[in-house]
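1. let me see the structure of the following:
(one chain, ligands or ions: 2)
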Amino acid sequence: MKKFFRLILGMGLILGMLTSPGYGNSIQLTPVIDTNVIGGQNQGAPANQDLWVGLGLSDVSQAYRVYLQFDLSSIPDGSIITGATLSLYCFDYSGPIEHRAYPTVQLYHVSSDAGVTNSMNWWTQPATDVPSLDSLLISAYGYQNFNLLASGSWDYTSDLNDDLLSLQMILDRENYWDYIRARFWSFDHTPGTTTDEPFLTLDYTTAPPPAHAPIPGAAWLLGTGLVAVVLWRRSKA
Ligand SMILES: [Ca+2]
Ligand SMILES: [Ca+2]
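-> Ligands and ions are numbered 1, 2, ... in the order given. So this is what the prediction gives:
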């Protein structure tokens, strides 16, 4: 009978190994595209412009939106993303003084990766997906962190498959009529020379490597179970 209990214990260990959550990883990515579109204009923003979100940076009520794109090809398809933080360094923000308001920036997912380019403009910008991924009140300088998992609406599986994550940042009240803005350092402006460029941190788990589970789980359990029954009968005899 001892053998039988040992085998039950062994089966439990194997089951635990097969159902373990896999291996945790964390990666930091810098954008492959970070750019602006400017309200009503049919030309793109200068390549090295910083990331402006708001109204009235050059003209009252003229809107600025930001687009970002990240290459996700280094993360295996089928991974489970457990943490996703977009960090942008704010060096300037302001809102209408009479209302004591700060800018609130909405982060949206963009399905059309091909639509996000350095040469796009207000009229050619792609549509965004709803609802927004996250929303952040900007009331401080320094890194501001958006949580891409906040709303639960990010279909990251499709972005892992197509290898690109595209995002838009937009003021929450773009139809306002006043000066209101948040400005962040771009990757283009400070390529690899400072520590305050935009980055995306992704935490993810992958399936356990093949060496740990060479035989499918059901076959393991069936085989171990048969051995257990045979040995148990022998021990009774
Ligand atoms: Ca995509
Ligand atoms: Ca992929």
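
2. low-confidence ranges in this protein?
-> Across the chain, residues meeting the criterion (pLDDT under 70) sit at 1-22, 57-58, 60-61, 97-100, 190-195, 208-232, 235-237.

3. can you give me the domain assignment for it?
-> Listed by automatic domain parsing, the domain ranges of the chain are 2-21+217-236, 24-205.

4. name the SS class of Ala127, please.
-> At Ala127 the chain is in coil, as set by DSSP: H, G, I helix; E, B strand; the rest coil.

5. which one is it nearest to, not counting chain neighbours?
-> Distances taken as C-beta to C-beta, 6 or more residues apart in numbering put Ser112 closest to Ala127, at 7.0 Å, once the chain neighbours are dropped. Every residue, glycine included, has its C-beta placed from N, CA and C.

6. which ones are touching that neighbour?
-> By C-beta atoms under 8 Å, 6 or more residues apart in numbering, the contact set of Ser112 is 126-127, 166.

7. the helix or strand that contains Tyr64 and ligand 1 in contact?
-> Per DSSP states H and E, Tyr64 falls inside strand 63-71. No. Shown here: strand 63-71 not in contact with ligand 1 (C-beta under 5 Å from the ion), separated by at least 8.6 Å.

8. report the buried residues of that strand.
-> 63-70 (16 or more other C-beta atoms under 10 Å).

9. which elements pack onto that strand?
-> Contact here means 3 or more C-beta pairs under 8 Å, 6 or more residues apart in numbering; DSSP states H and E; on that basis strand 63-71 packs against strand 33-38, strand 51-55, strand 164-171.

10. in its sheet, what does it sit against?
-> Partners of strand 63-71 in the sheet, by DSSP bridges, are strand 33-38 (antiparallel), strand 51-55 (antiparallel), strand 164-171 (antiparallel).

11. and the contacts of the longest one?
-> The set of residues that contact strand 164-171 without belonging to it, under C-beta under 8 Å, 6+ apart, is 51, 53-55, 63, 65-72, 86, 103-113, 115-116, 125-126, 128, 133, 156, 159, 180-182, 200.

12. buried ones among those?
-> Burial by neighbour count, 16+ other C-beta under 10 Å: within the contacts of strand 164-171 this picks out 51, 53-55, 63, 65-70, 72, 86, 103-110, 113, 116, 125-126, 128, 133, 156, 159, 180-182, 200.

13. contact partners for the closest residue to Asp196 other than its chain neighbours?
-> Spatial nearest neighbour of Asp196, excluding adjacent residues (C-beta to C-beta, 6+ apart): Tyr89 at 4.0 Å. Tyr89 makes contact with 142-144, 184-185, 196-198, according to C-beta under 8 Å, 6+ apart.

14. return the distance of the nearest residue to Tyr179 once chain neighbours are set aside relative to Tyr64.
-> Excluding the flanking residues, the one nearest Tyr179 by C-beta to C-beta, 6+ apart is Gly56, at 3.8 Å. Going from Gly56 to Tyr64 by C-beta to C-beta, to the nearest Å gives 9 Å.

15. how about the residues of the protein by ligand 1?
-> Counting by C-beta under 5 Å from the ion, the residues of the chain near ligand 1 are 113, 159, 162, 164.

16. in helices, which of those residues fall?
-> Here DSSP state H is the test, and the residues of the chain next to ligand 1 give 159, 162 as lying in helices.
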